[in-house]
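Peer 1: Using only what follows, build the 3D model:
(chains A and B)
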2 protein chains.
Amino acid sequence: MEDRIKEALKEIVGADNYTEQLIDMVSYSYDASEHHHRPTCGVWATTVEQISRILEMANRERIPVIPRGAGTGLSGMAVPARGGIVLDLNHMNRILQISIEDRLAIVQPGVVYADLERALAQHGFFFPPDPASGKVATLGGNVATNAGGVKGAKYGTTRDYVLGLQVVLPDGRVMRTGSHAMKSVSGYDLTRLFVGSEGTLGVVTEIILKINPKPTATSTSMATFDNLEDAGRAVSQIMHSGIIPSVLEILGRDTIRAINQNTDLNLPEVDAMLLAETDGYTQAETEYQMSKIMDIFRDNHPQQVQQAQSEAEAASLWKARKSAYAVLARIKTHFVLEDVTVPIGNVAALLKGVEEIAARHEIQIATFGHAGDGNLHPQILYDGYDPAEVKKMEAATADLFRLAIDLKGTLTGEHGIGLAKAPYMTLEHDAAAMEAMRNIKKLFDPNNILNPGKMALEG
Amino acid sequence: MEDRIKEALKEIVGADNYTEQLIDMVSYSYDASEHHHRPTCGVWATTVEQISRILEMANRERIPVIPRGAGTGLSGMAVPARGGIVLDLNHMNRILQISIEDRLAIVQPGVVYADLERALAQHGFFFPPDPASGKVATLGGNVATNAGGVKGAKYGTTRDYVLGLQVVLPDGRVMRTGSHAMKSVSGYDLTRLFVGSEGTLGVVTEIILKINPKPTATSTSMATFDNLEDAGRAVSQIMHSGIIPSVLEILGRDTIRAINQNTDLNLPEVDAMLLAETDGYTQAETEYQMSKIMDIFRDNHPQQVQQAQSEAEAASLWKARKSAYAVLARIKTHFVLEDVTVPIGNVAALLKGVEEIAARHEIQIATFGHAGDGNLHPQILYDGYDPAEVKKMEAATADLFRLAIDLKGTLTGEHGIGLAKAPYMTLEHDAAAMEAMRNIKKLFDPNNILNPGKMALEG
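Peer 2: Now for the predicted structure:
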């Protein structure tokens, strides 16, 4: 990158908000995936005007710009695959407005999910998607990946809550999409075209979010099953039961075993554990729903069934699920956390298939995830310093994606495509859809400066 | 249109499924708006292959194609503004699959909303958007306008339930978007780009819909207010109360008066009436929510408050709301049903503004609509045979749109842009957004054959 570009960047954001120090470049080189690549420099932007000037110059000079929040993405979305300028949005972290009577919040992209949660909780409201990384992940990143979480079955994902955006386009123009209204069908849905677009179409600088009143009652239960088919049948029967649990999580055998090896939870080492939560405003409502779930658990040969009688007991039931990711991350030097999603009725088939893939490639895959919306997270554990293990991991990953698509599912429920899943896009999408996506990219970003190399958009 | 084109159409769909009879052309010339224009011919398509061949030819020959369902749209969306071929999809009316355990239904575009409702009801499920025209409107039309209804505040609109589509593109290629999974963030959100696109980007031939278990308990109440500000404050306070009513409808003074003149309901002729419904699985849950609403009604100087004690009483409270549209339609020779939507806290300001517009232009505007999501339907009543009245209607409409945008709202919450609101698109959308929409149209339909003349896409 020529010095005049660096000088121009310093002029735009101020020298204090420009960096090319090694420690920063290393930090910017990775996210929560296994991918990494260093940028040339980074800038902390604080205004729309700065972002507009940066993009206008980068577009003219054909320099990659990678918008970045907390870097908690799991698919390499924030990795500067082609180098360039990291546009760090963490300083744009103001909650601009919370309007309870309008049922919305307006935020800058660098606001951390948990900070919005705290601000909304004061009013008894919440922003439901609730990603597992919510304590550090930013809302701009949530929008970029259409983030979801454990409550997806009942409450959907980020997409269902974004009412409007302010976006800076690659040529520096500022565009508004959507409105402050709860409903709109005024022209094409540009808002949702940007949700999940992984920073490849524009830089989101303002987000208008629909918010929900927070349920005031919950019931929690857990069941273990010696047999995967029994757990799968229980999930299907819950879908038939006429209620939607606010949480329906599943832990597979390998996950349970790993938790036991690394905690003192002493779980029964069964094929599958299901964790269910129902919510509402009254205990009568949550108990009614939970009684349906408990009946179904009992009808399907559980090894054990337990309903929490207090908040402390509920927290204890949650412990296993909450420890899964971190426990599994410690077992081998490296891991890949996958995110395939299938029709809910195929959850058991997916789990079974994952076990077969693990056996076939002689690699450890531990699975947990959101049975209630079919979104499972097989975590592939391997030694990244051993080329043979890396090969196994890659082969298992490819098989996993093929399995998910064969089961009428998708490569990713909530983590995005990024670099990790880009090679598999054509498994899921037909030629016409791939061409449409690539043409949309060209339309908004003809010089391919925004987060280039992601989502197989270069065809 | 040359005879060889007509012959080719007959060859594709069969002579029995081709028409250029006057009675059909007149039927195809209008929808539920005030706009009309005759096509040259119409075809009933029954297969994706037929549609693909029709579009491929029309694209080559530069002939407009207007996809059409039940023609219940309120903004001229289905009117063949440039003539051409009406592609009637009513014969593609099969429910292809209902999978309760996968929580989805797959339908062809010509399935009538109510037919799907009946099929789902057997399983205790429903497809929540519930448009007022649901007894005749088709699901393809619901997708094309992102249809909503009285339950939008709690359940959202069609967009929130479309998981995937099969679409025939103008060049005849068939594209699949989305998947059978509840969640996906695999590439750009092509699915929602087509939802609300009014048949201008492609012809939807298959729809995968997320479905919900139907709540089994409801509570219903009604309150009347002498003063619009009191009603508006009640709506805002309900938003603050921590619950979301499943229904929160409002009727304005002129609507109430018209109902009294045309029915024997004998409503109090007040400034505003609110109708509220809460839902859940238990009576405890619906009563808890309703008690919050009733308290708020009582705190805001109601003229009358009433909670239904039986299903019959609930039905009676609904009568006024359900009669509004038809009663108002009878008062003058013509009417326009508008669809502006504002932030919920601005509902009272919108109603007040509508009254001022009516007074200023000396024209009758009666308003009702969905206070719970800020979506109001001012119905402008006028004599379409009197040029002076038509002018007043047009001036009032323009003022109404300006008012909605000034109140941070949108031109349309659920009826779409079509022909009726096309001239006002630039009021709401900035230059960058208009350009983006027009470029997307060009990308998918470079020869502008699909439903041309709508949504101000021609710039």
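Peer 1: Let me know whether stretch A:188-197 sits next to chain B.
Peer 2: Yes - for stretch A:188-197, a contact with chain B is found by CB under 8 Å from any CB of the partner chain, at A:Tyr188, A:Asp189, A:Leu190, A:Arg192, A:Leu193, A:Val195, A:Gly196, A:Ser197. In short, each C-beta sits where N, CA and C put it, glycine included.
Peer 1: Which residues are in contact with the residue nearest to the third one when sequence neighbours are not counted?
Peer 2: Meaning A:Leu190. Once flanking residues are discounted, A:Leu190 sits nearest to A:Thr177: 4.0 Å by CB to CB, 6 or more residues apart in numbering or on different chains. For A:Thr177, the contact set (CB atoms under 8 Å, 6 or more residues apart in numbering or on different chains) comprises A:Gly164, A:Leu165, A:Val167, A:Leu190, A:Thr191, A:Phe194, B:Ala433.
Peer 1: A:Thr177 falls within a strand, correct?
Peer 2: Yes - assessed with DSSP: H, G, I helix; E, B strand; the rest coil, A:Thr177 lies in a strand.
Peer 1: quick one, domains of chain A?
Peer 2: Here the domain parsing of chain A from automatic domain parsing is A:3-88, A:95-213, A:215-321, A:332-446.
Peer 1: how about the ones you listed in JSON lines, adding mean pLDDT?
Peer 2: Formatted as JSON lines, those follow (pLDDT from 0 to 100):
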{"stretch": "domain A:3-88", "mean pLDDT": "97"}
{"stretch": "domain A:95-213", "mean pLDDT": "97"}
{"stretch": "domain A:215-321", "mean pLDDT": "95"}
{"stretch": "domain A:332-446", "mean pLDDT": "96"}
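Peer 1: Out of those, which gets nearest to B:Thr255?
Peer 2: Set against B:Thr255 and scored by CB to CB, the domains of chain A come closest in domain A:95-213, at 20.2 Å.
Peer 1: Please determine how far the closest residue to A:Val48 other than its chain neighbours is located from A:Leu87.
Peer 2: Of all residues not flanking A:Val48 in the chain, A:Thr205 sits nearest, at 4.9 Å (CB to CB, 6+ apart). Per CB to CB, to the nearest Å, A:Thr205 is found 11 Å from A:Leu87.
Peer 1: which residues are common contacts for the two?
Peer 2: Any residue near both A:Thr205 and A:Leu87 by CB under 8 Å, 6+ apart counts here, and that gives A:Ile51.
Peer 1: Can you report how many residues lie near A:Asp264?
Peer 2: By other CB atoms under 10 Å in any protein chain shown, the residues close to A:Asp264 number 6.
Peer 1: which parts of the stretch 1-150 of chain A sit against chain B?
Peer 2: Residues of the stretch 1-150 of chain A lying near chain B by CB under 8 Å from any CB: A:Ser99, A:Ile100, A:Glu101, A:Asp102, A:Arg103, A:Leu104, A:His123, A:Gly124, A:Thr145, A:Asn146, A:Gly148.
Peer 1: Out of the residues you listed, name the ones that lie in strands.
Peer 2: When these are checked against strands (DSSP state E), the matches are A:Ser99, A:Leu104.
Peer 1: Who wins on neighbours among the residues of stretch A:188-197 next to chain B?
Peer 2: Top of these by neighbour count (other CB under 10 Å): A:Ser197, with 30 neighbours.
Peer 1: quick one, what contacts it?
Peer 2: Counting by CB under 8 Å, 6+ apart, A:Ser197 touches A:Ala144, B:Tyr188, B:Asp189.
Peer 1: Quick check, the last one in contact with A:Asp160.
Peer 2: No - contact status for B:Asp189 versus A:Asp160: not in contact, 11.6 Å apart, counting by CB atoms under 8 Å.
Peer 1: Show me the strands in the stretch 251-400 of chain A, by range?
Peer 2: Along the stretch 251-400 of chain A, counting by DSSP state E, counting those that start in this stretch, strands occupy A:272-280, A:302-307, A:334-337, A:364-370, A:375-382.
Peer 1: The ones you listed: which one's closest to A:Trp318?
Peer 2: Using CB to CB, the nearest of these to A:Trp318 is strand A:272-280, at 7.0 Å.
Peer 1: now for that closest one, which elements pack on it?
Peer 2: strand A:217-225, helix A:228-240, strand A:247-252, helix A:283-299, helix A:311-329 (3 or more CB pairs under 8 Å, 6 or more residues apart in numbering or on different chains; DSSP states H and E).
Peer 1: so which of the ones you listed is the most packed in?
Peer 2: Highest mean neighbour count of the helices and strands packed on strand A:272-280: strand A:247-252, a mean of 26 (counted as mean count of other CB atoms under 10 Å in any protein chain shown).
Peer 1: Which strands or helices does it pack on?
Peer 2: Secondary elements touching strand A:247-252 (3+ CB pairs under 8 Å, 6+ apart): helix A:228-240, strand A:272-280, helix A:311-329, helix A:347-361, strand A:364-370.
Peer 1: so does the first one get close to chain B?
Peer 2: Yes - shown here: helix A:228-240 in contact with chain B (CB under 8 Å from any CB) through A:Val235, A:Ser236, A:Met239, A:His240.
Peer 1: Quickly note the distance from the third one to A:Asp373.
Peer 2: Between A:Met239 and A:Asp373 the distance is 10 Å, computed by CB to CB.
Peer 1: Show me the common contact partners of these two, please.
Peer 2: With CB under 8 Å, 6+ apart, A:Met239 and A:Asp373 have common neighbours A:Ile344.
Peer 1: nearest to B:Thr286, of the helices and strands packed on strand A:247-252?
Peer 2: strand A:272-280 (10.4 Å).
Peer 1: Parallel or antiparallel, list what pairs with the helix or strand the residue nearest to A:Val48 falls within.
Peer 2: Element membership of A:Thr205, judged by DSSP states H and E, is strand A:203-210. As defined by DSSP bridges, the strand partners of strand A:203-210 come to strand A:104-107 (antiparallel), strand A:162-168 (antiparallel).
Peer 1: Perfect, I'm done here.
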